[in-house]
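Peer 1: Turn this into a model:
(one chain, ligands or ions: 2)
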Amino acid sequence: MGNAQCFHGLFQQYNTNKQKNKHTKEKQVVDKFQLVTVSVLLLIKFEFESAASATTMAAAKAASGVPPSLSAKVIGYVVRKVDDFFEGISAEKQAISLLSKLRNEMQTDKPLLELKDDLPDTESWNQYMQRQQNQLGDQEPVSWFKSPWLYVECYMYRRIQEAIWLNPPINNFDFFNEGKTESFFESQQAVMALCTYLGDIQKSMETLSENQLSECFNKLLQVSLWGNRCDLSISAGQKNSQKASPIDSLNSLQSFILVDDSNMVWLTLNSCRRSEGSGKKTADRVDIVLDNAGFELITDLVLADFLVSSGLARQVHFHGKCFPWFVSDVTANDFQWTIRQTMAANHKWMCKSGFQWQSYLKEGLWCYHDHPFWTQPHEFCDMAADAPDLYATLQEADLVLFKGDLNYRKLTGDRDWPHTVDFSTALRGFEPSALCSLRTLKANVQVGLQPGQGEKLTSQDPSWMTNGKYAVIQFQSPKLEKNRPQD
Ligand SMILES: O=P(O)(O)OC[C@H]1O[C@](O)(CO)[C@@H](O)[C@@H]1O
Ligand SMILES: [Mn+2]
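Peer 2: Numbers count the residues shown, from 1 in each chain. Ligands and ions are numbered 1, 2, ... in the order given. Presented below is the predicted three-dimensional model:
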């Protein structure tokens with residue numbers, strides 16, 4: 001979706017809401033925060049449109065050619081309209097003024113500021129800023145245009161959180177909630193189709209041959225992969241849901257998977273299963289580092305259900321975010337809400353799945369965790385040193401699935417790698433366990449391609465790295481590393 005359409009959609013939504021004029025106070029607050037925050041997000045997406053292809057906002061700005069005054073006008077319009085429309089209590093007013101200040105700092109390349117909110121991760125964020133400053137040297141302060149894009153983008157979401165957190169009683173407010181729940185409700189047909197497919201497999205699970213099991217696994221892995229197209233961040237909070245049956249679309253999407261290591265993923269899980277039978281193996285756990293709520297989360301839960309019910313994994317551990325992040329990422333609240341909604345569905349297989357998932361959680365076959373590291377800007381190669389407890393947790397898994405684009409950027413350090421560099425090289429020593437990235441491409445980093453593959457894609461579809469049409473299933477394991485011939 002183009003930016004013009006994004007703006008258009010946003011204002012249309014605003015006007016429709018206004019005309020209906022049937023907001024409760026709570027709804028007004030939700031709308032107000034959504035509009036202001038979306039305006040902040042649009043600033044990033046619009047003014048620094050080409051940021052995905054640059055490592056800093058300065059480079060992006062130079063490449064973008066979008067008149068800065070245009071985005072400033074649009075954002076000014078949104079904030080003015082919001083202020084006209086709502087009376088506002090003081091906590092909201094204060095939060096809005098912090099967000100407006102944030103927007104201004106971004107627009108004018110002000111130095112990044114230390115966080116002041118005294119949350120458990122505040123010190124770590126401030127230390128990270130110092131690290132960035134050390135890298136930049138004493139000559140100039142760390143600022144919006146000069147710092148790595150990955151860092152400032154994460155920092156923006158943390159500052160939004162600060163604006164909310166500093167203003168009780170709205171300090172637990174998730175102003176992205178509405179978009180996430182909409183994505184869930186709008187994907188109902190697809191969710192029902194998926195739960196029915198899962199129910200059918202489970203009915204005949206006992207009689208499935210190994211080939212059939214592997215075929216089902218591949219399908220559900222791919223459904224979870226393409227579920228990642230449904231994030232709200234890429235559309236700046238605009239609607240993004242799945243309507244068609246996800247299983248039926250898989251064949252037509254196959255050629256858009258640029259790297260497909262699914263066979264290695266299957267072999268990893270299946271070899272655990274076999275060796276368990278022979279008494280060799282004790283642990284059999286898959287961890288899923290979640291990305292987006294809404295339809296994508298359903299695809300992950302269905303995959304996790306299949307892993308447990310087929311005996312490919314004994315336990316699945318999910319990792320979500322501690323606070324609202326990159327618009328649509330899963331928080332504990334989204335996770336519980338999604339399972340409750342699935343249980344309450346008026347559809348046999350969906351409802352059955354929901355109850356099944358709830359019982360997995362009760363029995364401890366599924367666990368949900370969050371850790372502050374997932375909402376920090378660190379590249380994952382820093383995890384062992386900066387979050388050793390989380391690294392140790394991931395080491396307990398036989399396989400870790402990393403969902404989505406942001407996780408891929410953190411896995412690879414968001415660097416401008418040549419496309420043919422090995423995935424293992426780009427991971428720079430991050431190898432807690434066998435791992436697999438399931439990612440649709442939305443940012444300008446891609447490794448592990450064949451010679452010439454990147455060039456061919458560029459000539460056929462110049463925006464292949466950012467338009468969300470392509471995907472990768474990329475696997476790496478410490479075992480592979482051991483068997484690699486030394487250069
Ligand atoms: O939900 P995902 O797949 O991590 O996508 C989020 C991505 O969206 C972006 O904000 C760009 O649209 C990227 O910066 C980020 O990597
Ligand atoms: Mn996301």
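
Peer 1: so where's the chain uncertain?
Peer 2: For the chain, the stretches with pLDDT under 70 are 1-89, 230-244, 273-283, 481-487.

Peer 1: got the residue ranges for the strands in it?
Peer 2: Remark: strands assigned in the chain by DSSP state E are 257-260, 285-289, 315-320, 366-370, 399-403, 434-440, 471-476.

Peer 1: what's around the residue of the stretch 51-200 of the chain at minimum distance from ligand 1, how many residues?
Peer 2: Nearest to ligand 1, among the residues of the stretch 51-200 of the chain, is residue 153, at 5.5 Å (C-beta to the nearest ligand atom). Just so you know, the C-beta spots here come from the backbone N, C-alpha and C atoms, and that holds for glycine as well. By the criterion of other C-beta atoms under 10 Å, residue 153 has 22 neighbours.

Peer 1: what does residue 369 give?
Peer 2: That count, for residue 369 with other C-beta under 10 Å as the rule, works out to 14.

Peer 1: just the one 5 residues further on next, same as before
Peer 2: Residues within reach of residue 374, counting by other C-beta under 10 Å, total 21.

Peer 1: What residues are bridge-paired with the nearest residue to it once chain neighbours are set aside?
Peer 2: Among residues not flanking residue 374 along the chain, residue 321 sits closest, at 5.6 Å (C-beta to C-beta, 6 or more residues apart in numbering). Under DSSP bridges, the beta-bridge partners of residue 321 are residue 331.

Peer 1: how near is residue 321 to residue 407?
Peer 2: Remark: distance between residue 321 and residue 407 (C-beta to C-beta, to the nearest Å) = 11 Å.

Peer 1: Same check on residue 334?
Peer 2: 17 Å.

Peer 1: Same drill for those two, tell me which one is more crowded.
Peer 2: More crowded of residue 334 and residue 407, by other C-beta under 10 Å: residue 334, with 25 against 21.

Peer 1: Quick check: the more buried one vs ligand 1, distance?
Peer 2: Relative to ligand 1, residue 334 is positioned 13 Å away (C-beta to the nearest ligand atom, to the nearest Å).

Peer 1: who are the neighbours in contact with residue 478?
Peer 2: 431, 433-434 (C-beta atoms under 8 Å, 6 or more residues apart in numbering).

Peer 1: Now with 7 Å, please.
Peer 2: residue 431 (C-beta atoms under 7 Å, 6 or more residues apart in numbering).

Peer 1: for residue 143, same thing?
Peer 2: 109-112.

Peer 1: now do residue 307
Peer 2: 286, 313, 316.

Peer 1: what's the nearest residue to the last one if we skip its chain neighbours?
Peer 2: Excluding the flanking residues, the one nearest residue 316 by C-beta to C-beta, 6+ apart is residue 304, at 4.2 Å.

Peer 1: Quick check: that neighbour vs residue 382, distance?
Peer 2: Applying C-beta to C-beta to residue 304 and residue 382 gives a distance of 27 Å.

Peer 1: more neighbours, these two?
Peer 2: Here residue 304 and residue 382 are compared on neighbour count by other C-beta under 10 Å; more neighbours surround residue 304, at 24 against 20.

Peer 1: okay but residue 421 is in contact with residue 447, surely?
Peer 2: Yes. Under the contact definition of C-beta atoms under 7 Å, residue 421 touches residue 447, with a separation of 4.7 Å.

Peer 1: Which one's more surrounded, these two?
Peer 2: residue 447 (23 against 15).

Peer 1: Enumerate every residue touching that one.
Peer 2: Going by C-beta under 7 Å, 6+ apart, the list of residues near residue 447 reads 412, 417, 419, 421-423, 426.

Peer 1: now, which of those sits nearest residue 265?
Peer 2: residue 423 (13.1 Å; C-beta to C-beta).

Peer 1: ok, the closest one touching residue 474?
Peer 2: Yes. Judged on C-beta under 7 Å, residue 423 makes contact with residue 474 at a distance of 4.9 Å.

Peer 1: Which residue of the two possesses the greater neighbour count?
Peer 2: Between residue 423 and residue 474, counted using other C-beta under 10 Å, the more crowded position is residue 474 (27 against 22).

Peer 1: Tell me how far that one lies from residue 445.
Peer 2: Taking C-beta to C-beta, one finds residue 474 at 12 Å from residue 445.

Peer 1: any idea how far the residue nearest to residue 94 when sequence neighbours are not counted lies from ligand 2?
Peer 2: Closest residue to residue 94 apart from its sequence neighbours, by C-beta to C-beta, 6+ apart: residue 167 at 5.0 Å. Noted for residue 167: a distance of 25 Å to ligand 2, by C-beta to the ion, to the nearest Å.

Peer 1: which residues sit in contact with the residue positioned nearest the centre of the chain?
Peer 2: Against the mean C-alpha coordinate of the chain, by C-alpha atoms, centre = their mean, the closest residue is residue 291 at 3.3 Å. Residue 291 makes contacts with 228, 231, 329, 403-404, 407, as judged by C-beta under 7 Å, 6+ apart.

Peer 1: Let me know the distance separating it from residue 409.
Peer 2: 12 Å.

Peer 1: Residue 377 now?
Peer 2: Applying C-beta to C-beta to residue 377 and residue 409 gives a distance of 10 Å.

Peer 1: Now the common contact residues for the two.
Peer 2: residue 150.

Peer 1: Quick one: which of the contacts of residue 143 is the most crowded by neighbours?
Peer 2: residue 112 (22 neighbours).

Peer 1: Next one: that residue from residue 106, what distance?
Peer 2: 10 Å.

Peer 1: and for those two, which residues touch both?
Peer 2: residue 144.

Peer 1: circling back: for the contacts of residue 291, which one is nearest residue 253?
Peer 2: residue 228 (12.0 Å).

Peer 1: That closest one: neighbouring residues, count only.
Peer 2: 26.

Peer 1: quick one: contacts for it?
Peer 2: 291, 296, 403-404, 438-440.

Peer 1: Show me which of those residues are buried.
Peer 2: 291, 296, 403-404, 438-440 (16 or more other C-beta atoms under 10 Å).

Peer 1: Dump the residues you listed into a markdown table; add distance to residue 357 as well.
Peer 2: Formatted as a markdown table, the buried ones among the contacts of residue 228 follow (distance: C-beta to C-beta, whole Å):
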| residue | distance to residue 357 |
| --- | --- |
| 291 | 18 |
| 296 | 15 |
| 403 | 17 |
| 404 | 21 |
| 438 | 20 |
| 439 | 24 |
| 440 | 24 |
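
Peer 1: From residue 137, how far out is residue 414?
Peer 2: For residue 414 relative to residue 137 (C-beta to C-beta), the value is 21 Å.

Peer 1: Oops, could you answer that again for residue 333 instead?
Peer 2: Plainly put, residue 333 is 42 Å away from residue 137 if you go by C-beta to C-beta.

Peer 1: more neighbours, the two?
Peer 2: residue 333 (15 against 7).

Peer 1: Spit out the contact partners of the more buried one.
Peer 2: residue 174.

Peer 1: Quick one: end-to-end distance for stretch 167-176.
Peer 2: The straight-line separation of the ends of stretch 167-176 (C-alpha to C-alpha, to the nearest Å) is 17 Å.

Peer 1: near ligand 2, which residues of this protein show up?
Peer 2: 231, 291-292, 326, 329 (C-beta under 5 Å from the ion).

Peer 1: Sounds good, over and out.
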